[in-house]
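Asker: show me the folded form of this:
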Amino acid sequence: MKSLFKWSKKYIPHLILITILLFSLEWLYSYLSKFVGFAIALINDEPTEGLVPSIAESWIVNVKSTDGVMKAVLFSSICLMGIQFVRSIMRFTSNYLSGVITQNIARDMRVKFYDRVTDLSFTYLSNADSGDLIQRCTSDIDTSSNFVGNNLPGGLLDTTFTVIVGTIQMARISWQMMLVGLVIIPITITASILYFRYATKLNERLEEKESKMTTDIQEDINGIRVVKAFANERYEIEKMDKDNLEYCKAEFKVNKIMSLYWAVSDTITLLQYFVAVLIGISLTKSGQISMAQMVTCLGLLEMIVWPMRTLGRTVSNFGKSVVAANRIEEIVSKKSEFEVNGTLTPEINGDIVFNNVSFKFDDETEHLLNNVSFKINPGETVAIVGKTGSGKSTICNLLTRFLEADNGDILINGVSIRNIEKKYLRKHIRIVLQDPFLYSKSVYENISIMDKDMPEEKVIEASKIADIYDEINRFKSGYKTMVGEKGTTLSGGQKQRLAIARILTSDSPVLIFDDSLSALDTKTDLLIRQALKKHNKNQTMIIITHRITTAKEADKIVVLNNGTIEAIGTHDELKNNGLYSELWELQGRLEDEFNQVLAEGGNK
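Answerer: Alright, predicted model coming up:
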C-alpha cells in the first residue's frame with residue numbers, strides 16, 4: 001500500500017477534487033430512484049414526503065394541483081434529465097482528472113525508475129535480465145499508475161460513496177429495507193479479502209512467467225543472428241512455446257479464481273434482490289411503506305448491492321497493482337552506486353598508481369586480483385596482457401570505479417580514487433570496449449553522442465584518427481548512414497573504429513582500449529595508435545590485448561598471471577621470460593608466417 005500510494009502525494013489536490021465530485025455524483029444518482037418513486041407516488045396519489053428535496057416537491061405538487069398529474073410527471077422527468085446532465089459534466093471532469101493523475105504518475109514512475117536503473121551498480125546491471133527491467137518499466141508501471149489514477153477513485157472511492165449514500169437514503173425511507181441491503185456487505189468484504197490474498201499470489205506467479213517470456217523474446221531478437229547462424233530456430237520456437245504455455249496456464253488460474261468469485265457474487269446478489277422484493281411486498285401489504293417507497297428502496301438497493309459486487313474487480317486490479325508496485329519498488333529502493341562517492345575533482349593527467357590492489361566478486365570465494373601494484377606515467381602507452389580470465393578488464397573497471405577494490409588503493413595524481421567524484425573520474429577516463437555499443441542512429445550521431453552541438457570539424461578529425469573516415473565517405477549516405485540496432489550493419493572493425501572516434505571527441509587525458517583493437521589487422525591497429533599519439537602526445541593509453549604484436553609497441557607491458565603481476569617491462573625485456581615469452585613465441589611465429597604468406601600472395 002505504501003509503495004503504491006506514495007507516488008500520488010503530489011496529486012493530493014486532484015484526488016480531493018475527484019473525491020468531492022464522486023460523492024456529489026453518487027448523491028445526485030440516489031435522486032434518480034427517488035424521482036421515479038416520486039412520480040409513482042404522484043400517479044397513485046400516495047404521500048410524497050421525503051422522496052425528493054422539499055423545494056422540488058412543493059413545486060411539482062403545485063403543478064399537479066393546477067395542471068394535472070401528467071404534467072407533474074413530465075416536470076419530474078425534466079428534473080431527472082437535469083440531474084443526469086449535471087452528473088455527465090461532473091463525471092467528465094472526474095474522469096479527466098483521473099486521466100491526468102494516471103499519466104503524470106506513470107511519467108514520474110518511469111523517470112524515477114530509469115534514473116535509478118542508470119545509477120545502479122555495474123555488478124547488479126551486469127547480472128540483471130534486461131527483459132525483466134523493460135517489463136517493470138512498461139507494463140508494471142502502467143498497472144500501478146492506472147490503479148492509483150483510475151481504479152482507486154473510480155473503483156474504491158466510488159464504491160464506498162455509493163454504498164454510504166444508498167444506505168443513508170434508504171434509512172430515511174425504511175430501516176428494514178436498509179438492513180436487507182447491508183446484509184451482503186460483511187459477506188462480500190470477507191470473500192473479497194480471501195480472493196485478494198489468493199489472487200495476489202497467483203498474480204506474482206503470473207508476473208514471473210511474463211517476465212521470463214519477455215526476457216526470452218528480448219534475447220532471441222538481440223541474438224537472432226546467432227540463432228540463424230546455428231540454424232537453431234526450431235529450438236528457440238519450442239522454448240518460446242513452452243514459456244508461452246506456462247504463462248497461459250498461470251493466467252488461466254487467475255481467470256479461473258476470478259470467474260468463481262464473480263459467479264458466487266452474482267448468485268448472492270440475485271438472491272438478495274429476491275429477498276428484498278419479498279420483504280418490500282410484505283412491508284407494502286402491511287402498510288409500513290407505500291408502493292412508491294418500495295420501488296424507491298429497490299432502486300436504492302442497487303447502490304449497495306452492485307458496487308459491492310464490482311468490488312471484486314477493484315480487488316483484482318488492486319492485487320495486480322500491489323505485485324507490480326512491489327516489483328517497481330524493488331528497483332527504486334536499491335542503493336545507488338553514487339551513495340558511496342568521492343567529492344574531489346583533482347587534475348587528471350594520466351599519473352596512475354596501483355598499490356597492492358586486491359579484488360574478488362561477491363559470488364566467488366577466491367580473489368581474482370592479489371596485491372597488484374604498478375605505475376603508469378603521464379603520456380605513457382601501457383599494455384596489459386595475460387591469459388583469459390586473469391583480471392585484465394577488471395583492472396580497468398577498478399580504475400573507473402565500476403568495481404571497488406577490496407584491499408589496497410588506486411591513486412591518480414596522488415589522490416585516492418575513493419575520494420574522487422565518480423562522474424568526474426569517468427569523464428576523464430574513457431573506455432572503448434571489445435564489443436562497443438552503438439545506438440540505432442546515424443554515423444554522425446554516434447560519434448557526436450556526447451555533445452549534440454559538436455562542431456562537424458571535430459567529428460571528421462576524430463573519424464580520420466580512428467581510420468574510418470574513408471569508409472564513411474564510401475557509404476551511400478556518408479555520415480548520415482544509419483548503423484542499425486547495436487551497429488548490426490557495420491563490421492566488427494568498423495564498429496570498433498567508430499567507438500574509438502566517439503571517445504576521441506572528448507579529449508580525455510586517459511584512454512582505455514579493452515581489447516577494442518582485436519577486430520583490426522595489425523597494420524590498422526598500429527596506424528590508429530600512431531595517429532592517437534600524434535593527436536595528443538600527452539594522452540595516456542592503457543591497452544588490454546591478447547595480441548602481442550599490439551603490446552610490443554607499448555612503452556610498458558604489464559603481464560598478469562593468476563591474478564598477480566608476473567612481470568613489467570618493455571617487449572625486449574620480456575620476450576625471453578615467463579608467460580610473455582610463451583605468448584610471443586606462439587603469436588610472433590604465426591604472425592611472421594601469416595605476413596610471409598600475404599607477401600608471397602602479393603608477389604604472385
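
Asker: drop to CA atoms for contacts and neighbour counts, all remaining ones
Answerer: Fine.

Asker: and the strands in this structure?
Answerer: Listed in chain order, the strands of the chain (DSSP state E) span 352-359, 369-376, 381-386, 407-412, 415-416, 429-432, 510-514, 540-544, 556-561, 564-569.

Asker: pull the first one out as PDB, backbone CA atoms only.
Answerer: Output of strand 352-359 as PDB, limited to C-alpha atoms (Å, rounded to 0.1, in the frame of the first residue of the first chain):
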ATOM      1  CA  ILE A 352      48.200   6.300 -12.100                       C
ATOM      2  CA  VAL A 353      49.400   4.100  -9.300                       C
ATOM      3  CA  PHE A 354      48.000   0.700  -8.300                       C
ATOM      4  CA  ASN A 355      49.200   0.000  -4.800                       C
ATOM      5  CA  ASN A 356      48.600  -3.700  -3.500                       C
ATOM      6  CA  VAL A 357      45.100  -3.800  -5.000                       C
ATOM      7  CA  SER A 358      43.100  -7.000  -4.400                       C
ATOM      8  CA  PHE A 359      39.600  -7.800  -5.700                       C
END
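
Asker: hmm, residue 116 and residue 331 touching each other?
Answerer: Yes - between residue 331 and residue 116 there is a contact at 7.3 Å, judged by Cα atoms under 8 Å.

Asker: hey, what's in contact with both of the two?
Answerer: Taking Cα atoms under 8 Å, 6 or more residues apart in numbering as the contact definition, residue 331 and residue 116 share no neighbouring residue.

Asker: among the strands of the chain, which comes closest to residue 112?
Answerer: Shortest separation from residue 112 across the strands of the chain is recorded for strand 429-432, at 26.9 Å, computed as Cα to Cα.

Asker: tell me what the closest one is packed against?
Answerer: Secondary-structure packing of strand 429-432 (3 or more Cα pairs under 8 Å, 6 or more residues apart in numbering; DSSP states H and E): helix 492-504, strand 510-514.

Asker: and those as a markdown table, adding distance to residue 414, mean pLDDT and mean neighbour count?
Answerer: Compiled in a markdown table, the helices and strands packed on strand 429-432 are given as follows (distance: least, Cα to Cα, whole Å; pLDDT from 0 to 100; neighbours: other Cα atoms under 10 Å):
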| stretch | distance to residue 414 | mean pLDDT | mean neighbour count |
| --- | --- | --- | --- |
| helix 492-504 | 25 | 82 | 24 |
| strand 510-514 | 15 | 86 | 23 |
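
Asker: could you export stretch 199-211 as CSV, CA atoms only?
Answerer: Presented in CSV, the C-alpha positions along stretch 199-211 are these (Å, rounded to 0.1, in the frame of the first residue of the first chain):
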residue,chain,number,x,y,z
ALA,A,199,-5.2,-13.7,-6.3
THR,A,200,-2.1,-11.8,-5.2
LYS,A,201,-0.1,-15.0,-5.0
LEU,A,202,-1.4,-16.0,-8.4
ASN,A,203,-0.5,-12.6,-9.9
GLU,A,204,3.0,-12.9,-8.5
ARG,A,205,3.5,-16.1,-10.4
LEU,A,206,1.9,-14.6,-13.5
GLU,A,207,4.4,-11.7,-13.3
GLU,A,208,7.3,-14.1,-13.0
LYS,A,209,6.1,-16.1,-16.1
GLU,A,210,5.5,-13.0,-18.1
SER,A,211,9.0,-11.6,-17.1
